[in-house]
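Q: quick one: sequence plus predicted model below, questions after.
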Amino acid sequence: MKELWLLRHGETPWNAEGRFQGHFDINLSPQGLHQAYRVAERLAACRQGFDGLYSSDLQRAALTAKPIAEALRLEPVYDPRLREIYAGELQGLLRSEMELLYPAFHEAIQRDPWNTKRPGGESMADLAVRVQAFLNELPEGRFIVVTHGGVIRAALKIVLKLENGAWRKFQIQNTSITRLLYPEGLALSVGDVGHLEAWAEGLTDEATLS
């Protein structure tokens with residue numbers, strides 16, 4: 001059995017502005033660093049044994065993985081297959097700018113969000129090929145995987161065998177935890193951000209797991 005704890009990276013300035021990031025190697029914002037340390041504290045307090053830590057090699061994921069590695073005494077393995085979908089010519093644009101500059105793409109992705117390629121970039125189907133290869137090569141065990149929202153949605157579609165556009169309906173916030181069992185096809189949690197909730201500020205991180 002493979003148990004994956006999929007974490008989306010911490011917030012970046014472009015997340016806050018609503019810009020497409022793709023493979024653009026942007027840093028974490030101060031808020032993103034705070035989120036990274038909060039999720040690291042939570043993972044250290046949850047009393048689970050982890051067999052390894054994998055991360056996208058983009059710095060927003062690598063910097064999120066760093067405090068986790070320190071807290072759990074794990075050596076990160078950086079894998080480019082865990083990168084976000086390559087957004088091509090859209091990288092750096094706001095959604096409103098994308099709709100204005102690429103109306104044909106905007107119309108196409110409404111019809112087929114899975115197979116439509118970003119201009120000069122990948123489709124979700126392309127991304128899923130990378131994710132499937134990573135899942136297949138992962139050994140049995142419990143692993144933390146620090147990655148991106150698109151990767152997590154692709155993993156949900158693959159692992160849960162979701163049909164149509166169901167994979168788009170999940171809210172995957174920065175440093176949220178999604179726990180999947182593969183190939184059993186089970187989700188133990190999706191988009192869990194208990195460590196970031198305001199009510200958790202007065203509690204220990206261990207208490208947020210109860």
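A: Looks like it arrived, so ask away.
Q: check what contacts stretch 166-174 and list those residues.
A: Contacts to stretch 166-174, defined as C-beta atoms under 8 Å, 6 or more residues apart in numbering, come from residues 8-11, 15, 32, 35, 113-114, 124, 149, 152-154, 156-157, 178, 190-191, 193, 196. Every C-beta, even on glycine, is put in place using the N, C-alpha and C of the backbone.
Q: so which bits of it are buried?
A: Of all the residues in stretch 166-174, those buried under the rule 16 or more other C-beta atoms under 10 Å are 167, 170, 172, 174.
Q: for the protein, give me the ranges with low pLDDT.
A: Applying pLDDT under 70 to the chain flags residues 198-210.
Q: need the strands for it, in chain order.
A: Here the chain has its strands, by DSSP state E, at 2-8, 52-55, 76-78, 141-147, 177-182, 186-192.
Q: burial measure for residue 127, as a count.
A: Neighbour count for residue 127, taken as other C-beta atoms under 10 Å: 23.
Q: wait, it sits on residue 154?
A: Yes. The pair residue 127 and residue 154 passes the contact test of C-beta atoms under 8 Å, sitting 5.1 Å apart.
Q: picking up where we left off before, make a markdown table from the strands of the chain and add distance to residue 93 and mean neighbour count to it.
A: As requested, the strands of the chain are arranged in a markdown table below (distance: least, C-beta to C-beta, whole Å; neighbours: other C-beta atoms under 10 Å):
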| stretch | distance to residue 93 | mean neighbour count |
| --- | --- | --- |
| strand 2-8 | 21 | 24 |
| strand 52-55 | 26 | 21 |
| strand 76-78 | 27 | 16 |
| strand 141-147 | 22 | 23 |
| strand 177-182 | 27 | 20 |
| strand 186-192 | 25 | 15 |
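Q: how about TSV for those, with distance to residue 39 added?
A: Below are the strands of the chain laid out as TSV (distance: least, C-beta to C-beta, whole Å):
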stretch	distance to residue 39
strand 2-8	6
strand 52-55	12
strand 76-78	14
strand 141-147	9
strand 177-182	7
strand 186-192	10
